[in-house]
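Novice: Quick check, what structure comes out for this input:
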Amino acid sequence: MHALRNTIAAAVTLAMGVTMANAESAAPVKNIVIVHGALADGSGWRAVYDILTKDGFHVTIVQEPLTSLADDVAATTRIVDQQDGPVVLVGHSYGGSVITEAGVDSKVSSLVYVAALQPDAGEASGQLLQKFAAPNGAMRSTSDKYFFIPAEKFRQTYAADVPEAEAQFLSNSEQQLAQKALGAPISAAAWRTKPSFAILTTQDHVVSPELQRWMYQRSGSKITEVGASHAVFISQPAKVAHVIEAAAKQAG
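Specialist: Below is the predicted model of the structure:
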């Protein structure tokens with residue numbers, strides 16, 4: 001009888017241990033790292049940040065210099081490495097190229113592409129952009145080879161569904177992107193080995209919706225279509241946050 005009681009106790013202890021381990025593994029990833037795209041900085045992500053933070057996530061926003069792909073990947077990797085556990089890595093626009101390479105970091109559990117480029121190894125961002133032309137060719141270049149959108153075309157190109165005053169602020173705080181960043185091929189594609197989610201913006205005049213669909217279908221990303229401009233993270237932050245939280249839950 002004593003042996004039987006010991007056997008039962010051991011079985012119960014083992015079962016509880018397995019249950020607790022499963023519960024821990026099922027817990028959502030709590031660290032979210034967001035990489036903004038070209039022509040903007042991280043401040044536009046405040047509404048998404050507030051939603052995620054309220055829901056219990058630890059959110060960090062990378063401020064890349066946009067001077068080269070290598071610089072931007074390094075800036076992202078520094079932030080990822082500072083997190084205390086697994087990470088959902090989010091990228092917008094050109095930031096998608098950055099997270100595709102930086103996402104090979106062992107701390108990254110899954111990737112979220114928001115109206116973002118999603119190159120494969122050996123592909124450059126500019127190479128992808130030429131595959132399907134954007135509906136509005138407003139991009140210009142400075143004499144020292146930095147891309148920008150002229151102020152008079154910024155709202156209609158980048159943020160048509162954002163209130164005029166906010167779009168004006170975005171335009172006046174535009175962060176230009178080095179041409180060489182678009183010309184640099186990535187060395188590895190994290191989406192080939194990690195789960196990826198994608199928000200496809202159907203009213204996008206910066207990254208063609210056709211290009212987005214082609215990339216996301218190629219990678220097998222879980223696609224969420226949103227009727228929004230390139231600035232979907234401002235115009236529809238709740239939908240963006242919802243996809244990020246779904247990625248965190250699945251990665252847990």
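Novice: Would you map the helices across the stretch 101-250 of the chain?
Specialist: Under the criterion DSSP state H, counting those that start in this stretch, the stretch 101-250 of the chain contains helices at 125-129, 151-158, 164-172, 179-183, 209-219, 232-235, 237-251.
Novice: Does anything pack onto the shortest one? Which helices or strands?
Specialist: So the one you mean is helix 232-235. Counting by 3 or more C-beta pairs under 8 Å, 6 or more residues apart in numbering; DSSP states H and E, the packing neighbours recorded for helix 232-235 are helix 46-54, helix 237-251. Every C-beta, even on glycine, is put in place using the N, C-alpha and C of the backbone.
Novice: And the average pLDDT for that helix is what?
Specialist: Averaged over helix 232-235, pLDDT sits at 98.
Novice: Residues contacting it, please?
Specialist: Outside helix 232-235, the residues within contact range by C-beta atoms under 8 Å, 6 or more residues apart in numbering are 44-45, 47-48, 92, 114-115, 159, 161-162, 166, 170, 199, 201, 226, 228-229, 239-240.
Novice: Then the second one?
Specialist: For helix 151-158, the surrounding residues in contact (C-beta under 8 Å, 6+ apart) are 39-40, 136, 138, 149, 162, 164, 167-168, 170-172, 174, 205-206, 229-231.
Novice: Just the buried ones from those?
Specialist: Buried members of these, scored by 16 or more other C-beta atoms under 10 Å, are 39-40, 136, 138, 149, 162, 167, 170-171, 174, 205-206, 229-231.
Novice: Who are the contact partners of the closest residue in space to Ala238 that isn't next to it in sequence?
Specialist: Spatial nearest neighbour of Ala238, excluding adjacent residues (C-beta to C-beta, 6 or more residues apart in numbering): Ile51 at 6.3 Å. Shown in contact with Ile51 (C-beta under 8 Å, 6+ apart): 237-238, 241.
Novice: Nearest to Asp120 among those?
Specialist: Ala241 (27.8 Å; C-beta to C-beta).
Novice: mind listing what the closest one touches?
Specialist: 48, 51-52, 55.
Novice: For those, give me TSV that also has pLDDT and distance to Asp120.
Specialist: Shown next, in TSV, are these (pLDDT from 0 to 100; distance: C-beta to C-beta, whole Å):
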residue	pLDDT	distance to Asp120
Val48	98	27
Ile51	98	31
Leu52	98	29
Asp55	98	33
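Novice: top of those residues by neighbour count?
Specialist: Counting neighbours by other C-beta atoms under 10 Å, Val48 comes out on top of the contacts of Ala241 with 26 neighbours.
Novice: Spatially nearest residue to that one (excluding sequence neighbours)?
Specialist: Pro237 (4.6 Å).
Novice: Many thanks, I have nothing further to ask.
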